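> Pasting a predicted model and its sequence here:
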Amino acid sequence: MLADLIEQITQFVESVVLTFGLPGVAVIAVGENLFPPTPSEFLYPLAGKMAWEGGFSILSVVTVGVLGTLFASTLWYLLGKRLGEERVRQFIERRGTLKIARFSFELFTVDQYDRAIELFRTRGAAIVVVARLLPYVHSVVSIPAGVIKMPYSSFLIYTAIGSTLWILPLTVLGYVLGSRWREVLAILDTYQTVILVIAGLLLVYWLGKRWLKSRSNAANEA
């Protein structure tokens, strides 16, 4: 079912770009940052192929793509800024522990949250840039940037850098391959699969570690 949904979204992206050109690229750029399942890995190689056909330039594709990304990322940033550190901390205090039957799993503690916030304060620029290259998380990374009230001008600069590092190579590949632009998708599919597998393994490791710690604490209290 999810695969069917993604295929429908992909077809929609293609029809919008083919119909509206650069304005269509901008609209999809906004959409894929607001709704991560929207496939940017499909958008920019296609736009590159259209540049190859003479519809517009690579620079114009990158420009509208980055502008669309900045607009959508700003909305996530403002959401994080509105929530603020304390409100997020209170949510974690209430919902950070998952209870299943007799077992409790601390999914995210206040201490971990505080450490994450501190890491974002000291390494926020690098985190924002690198996250733009990762599937699914590239949009929501704007929320913690807003939570810590990262200077908006800095946020825009780091987001623009990371977005360009993602958009430019995909557009150029689509341009170079021309009518064979879909070959880029196989490479990106492998890249995303590797990232998701690594993330899944890390999540399993982390949950297992939390579960063992919870059992150890329960045994000590008994």
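Happy to help now that I have it.
> how many neighbours does residue 160 have?
17 (other C-beta atoms under 10 Å). Placement of C-beta: from N, CA and C, glycine included.
> ok, now which ones touch it?
66, 69-70 (C-beta atoms under 8 Å, 6 or more residues apart in numbering).
> same check, this time on residue 35
Contact analysis of residue 35 by C-beta under 8 Å, 6+ apart lists nothing.
> Could you tell me which residues within the helix or strand residue 159 falls within count as buried?
Assigned by DSSP states H and E, residue 159 belongs to helix 152-177. Neighbour-count burial for helix 152-177, counted by 16 or more other C-beta atoms under 10 Å, picks out 155, 158-160, 162-164, 166-168, 170-175, 177.
> How about stretch 8-26?
9-10, 13-14, 16-17, 21-22, 24-26.
> coming back round to it: which one (most neighbours) among the contacts of residue 160?
Busiest of these [other C-beta under 10 Å] is residue 69, holding 27 neighbours.
> wait, that one sits on residue 163?
Yes. Between residue 69 and residue 163 there is a contact under C-beta atoms under 8 Å: 4.4 Å.
> Pull up the overlap in contacts between those two.
Here residue 69 and residue 163 have residue 132 as joint contacts, going by C-beta under 8 Å, 6+ apart.
> if we can go back for a sec, from the contacts of residue 160, which single one is nearest residue 138?
Using C-beta to C-beta, residue 69 comes nearest to residue 138 of the contacts of residue 160, at 8.7 Å.
> so which helix or strand takes in that closest one?
helix 58-95.
> can you give me the angle that helix makes with helix 152-177?
Relative orientation of helix 58-95 versus helix 152-177 (axes from the mean of the first three to the mean of the last three C-alpha atoms, to 10 degrees): 130 degrees.
> for helix 58-95, packing partners?
Helices and strands touching helix 58-95, by 3 or more C-beta pairs under 8 Å, 6 or more residues apart in numbering; DSSP states H and E, are helix 22-34, helix 40-52, helix 110-131, helix 137-140, helix 142-147, helix 152-177.
> tell me the contacts of the closest residue to residue 159 other than its chain neighbours?
Using C-beta to C-beta, 6 or more residues apart in numbering and skipping residues adjacent in sequence, the residue nearest residue 159 is residue 73, 5.1 Å away. Residue 73 makes contact with 33, 139, 142, 155, 159 under the criterion C-beta under 8 Å, 6+ apart.
> Also residue 75?
residue 34.
> tell me the phi and psi of residue 53?
The phi/psi pair for residue 53 (degrees, to the nearest 10) reads phi -80, psi -10.
> And for the closest residue in space to it that isn't next to it in sequence, the neighbour number?
Spatial nearest neighbour of residue 53, excluding adjacent residues (C-beta to C-beta, 6+ apart): residue 178 at 7.9 Å. Using other C-beta under 10 Å, residue 178 has 12 other residues around it.
> cool, residue 46 as well?
27.
> And it, how far from residue 56?
According to C-beta to C-beta, to the nearest Å, residue 46 and residue 56 sit 12 Å apart.
> swap in residue 120?
Residue 120 is 37 Å from residue 56, by C-beta to C-beta.
> Tell me which residues touch the residue nearest to residue 82 when sequence neighbours are not counted, please.
In this structure, residue 82 finds its nearest non-sequential neighbour in residue 146, 7.5 Å apart by C-beta to C-beta, 6+ apart. The neighbourhood of residue 146, defined by C-beta under 8 Å, 6+ apart, consists of 76-83, 155.
> and the helices and strands packed on helix 58-95 as JSON lines, adding mean pLDDT and distance to residue 60?
Shown next, in JSON lines, are the helices and strands packed on helix 58-95 (pLDDT from 0 to 100; distance: least, C-beta to C-beta, whole Å):
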{"stretch": "helix 22-34", "mean pLDDT": "87", "distance to residue 60": "6"}
{"stretch": "helix 40-52", "mean pLDDT": "80", "distance to residue 60": "8"}
{"stretch": "helix 110-131", "mean pLDDT": "82", "distance to residue 60": "23"}
{"stretch": "helix 137-140", "mean pLDDT": "75", "distance to residue 60": "22"}
{"stretch": "helix 142-147", "mean pLDDT": "87", "distance to residue 60": "24"}
{"stretch": "helix 152-177", "mean pLDDT": "90", "distance to residue 60": "10"}
